[in-house]
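Q: fold the following for me, if possible:
(2 chains)
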Amino acid sequence: MRHASARNVVEQIFGVLKRRFRVLLLSPKYKMQIQVCFHLHGTTYYNIYTQACIPVALCAIHNFICIHDGNEGPVLGQDNGEVAHNGEGVGGLQGRSRRMSQQTIHCKWYGNFVTTLLNTCGRITSRSFMRATIMTMIHSAPKRMAM
Amino acid sequence: MPAATDIHEVIRNNPRFWPYFKDAIGALDGSHIHAAPPSSQRAVFQNHKGFLLQNCLFACDFNLLFTYTLTRWEGSATDVHIYQDACSKDLHIPEGKFFLANFRFPHHRELLVPYCNVQYHLTEWCHAQLRYVYLLLH
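A: The predicted model follows:
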């Protein structure tokens, strides 16, 4: 039982990831591999497996959210708005509704961010184009996001 | 990856875990994620239920942060194969540390797996879980 409850974090994190990024529950529209030639550490690679990159990218975004906006992580993982696991109070009903509206804004923004990133991955033309897209998305972020 | 002397604060602060899992650095598990492979590879991407999936290996620490991911394995692959592939590539576990894993993973020095075919519930929750007794007997 102790082993099971200690191992529970990995099941919990799958739930958080698949609940936060619903794209993981759908059959992706992107090609399995894109013919791209790029050089890394003196080796030439030819294929990018786009669909394999999606979960990795979303994991990185999940880590980013948890590190830089720590209050959001445990709340999104709950189904019924219970008290967070780390003992932080949610701050009453009013605070919770305000947090929920902020979460909605952020979720929408994250969704746009991911969609734009993935769309860009499908047609990588140049690195500067990719950077410009990311910078545009960052500038359109909500003010509370300090990036 | 944490250093060999680090003990995670979640483990340290929880008396249920403290002496037993002091060398645990997280949990490891596989997950199936939907995929749309080309038709030539469609057979190997089916799992045992017939869905088209890719099999991914994730490791996380006790703060709900991912520490390792390995994707793009076929849905028909088993967790043992993926773990061995990860070990041969870039999954480096510090000496003396281990991950918690479920019974589908191999017995390994870096993995702590539960005993197979043991109903742990029976000893601790025997009254609440009587249906397991029924399942065992039949």
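Q: where's the closest residue in space to A:Val10 that isn't next to it in sequence, which helix or strand?
A: Using Cβ to Cβ, 6 or more residues apart in numbering or on different chains and skipping the chain neighbours, the partner closest in space to A:Val10 is B:Ala27 (3.7 Å). Where you see a C-beta, it was placed from the backbone N, CA and C, and this is true even at glycine. Assessed by DSSP states H and E, B:Ala27 sits inside strand B:24-34.
Q: which helix is the longest one in chain B?
A: helix B:79-89 (DSSP state H).
Q: chain center to the next helix or strand after that helix: distance?
A: Where DSSP H and E defines the elements, the next helix or strand beyond helix B:79-89 is strand B:98-100. Relative to its chain's centre, strand B:98-100 lies at 8 Å (Cα atoms, centre = their mean, to the nearest Å).
Q: now the strands for chain B?
A: B:24-34, B:53-60, B:66-74, B:98-100, B:111-112 (DSSP state E).
Q: which one of those lies closest to B:Ser40?
A: strand B:66-74 (12.5 Å; Cβ to Cβ).
Q: elements contacting that closest one?
A: In terms of contacts (3 or more Cβ pairs under 8 Å, 6 or more residues apart in numbering or on different chains; DSSP states H and E), strand B:66-74 is packed against helix A:50-68, strand B:24-34, strand B:53-60, helix B:79-89.
Q: next, the angle from the second one to strand B:66-74.
A: Here the directions of strand B:24-34 and strand B:66-74 differ by 30 degrees (axes from the mean of the first three to the mean of the last three Cα atoms, to 10 degrees).
Q: what pLDDT does A:Gln12 get?
A: For A:Gln12, the pLDDT comes out at 92.
Q: kindly report the same for B:Phe58.
A: So, for B:Phe58, pLDDT stands at 94.
Q: tally up the residues packed near it, please.
A: By other Cβ atoms under 10 Å in any protein chain shown, the residues close to B:Phe58 number 24.
Q: just B:Gln46 next, same as before
A: Applying other Cβ under 10 Å, I find that B:Gln46 has 15 neighbouring residues.
Q: quick one: it and B:Leu52 touch, right?
A: Yes. B:Gln46 lies in contact with B:Leu52 (Cβ atoms under 8 Å); the separation is 6.1 Å.
Q: common neighbours of those two, please.
A: B:Gly75 (Cβ atoms under 8 Å, 6 or more residues apart in numbering or on different chains).
Q: show me which residues of stretch A:14-27 are buried.
A: Going by neighbour count (16 or more other Cβ atoms under 10 Å in any protein chain shown), the buried part of stretch A:14-27 is A:Phe14, A:Val16, A:Leu17, A:Lys18, A:Arg20, A:Phe21, A:Val23, A:Leu24.
Q: for A:Val56, see how far away the residue in chain B that chain A sits nearest to is.
A: Chain A sits closest to B:Arg72 of chain B, with a gap of 3.3 Å, by Cβ to the nearest Cβ. Distance, B:Arg72 to A:Val56, by Cβ to Cβ, to the nearest Å: 9 Å.
Q: ditto for A:Ile67
A: From A:Ile67 to A:Val56 the distance is 17 Å (Cβ to Cβ).
Q: between these two, who's got more neighbours?
A: Shown here are A:Ile67 and A:Val56; by other Cβ under 10 Å, A:Val56 has more neighbours (16 against 11).
Q: not counting sequence-adjacent ones, nearest residue to that one?
A: Closest residue to A:Val56 apart from its sequence neighbours, by Cβ to Cβ, 6+ apart: B:Thr69 at 5.0 Å.
Q: is it correct that the one you found is in contact with B:Gln54?
A: No. Between B:Thr69 and B:Gln54 there is no contact under Cβ under 8 Å: 11.8 Å.
Q: okay, the two: which has more neighbours?
A: Comparing B:Thr69 with B:Gln54 by other Cβ under 10 Å, the one with more neighbours is B:Gln54, at 26 against 19.
Q: tell me who's in contact with that one.
A: A:Gln51, A:Ala52, B:His32, B:Ile33, B:His34, B:Ala35, B:Phe45, B:Thr71, B:Arg72, B:Trp73, B:Glu74, B:Gly75.
Q: go on, B:Tyr83?
A: Per Cβ under 8 Å, 6+ apart, neighbours of B:Tyr83: B:Leu28, B:Leu57, B:Leu91, B:Ala101, B:Phe105, B:Pro106, B:His108, B:Leu111.
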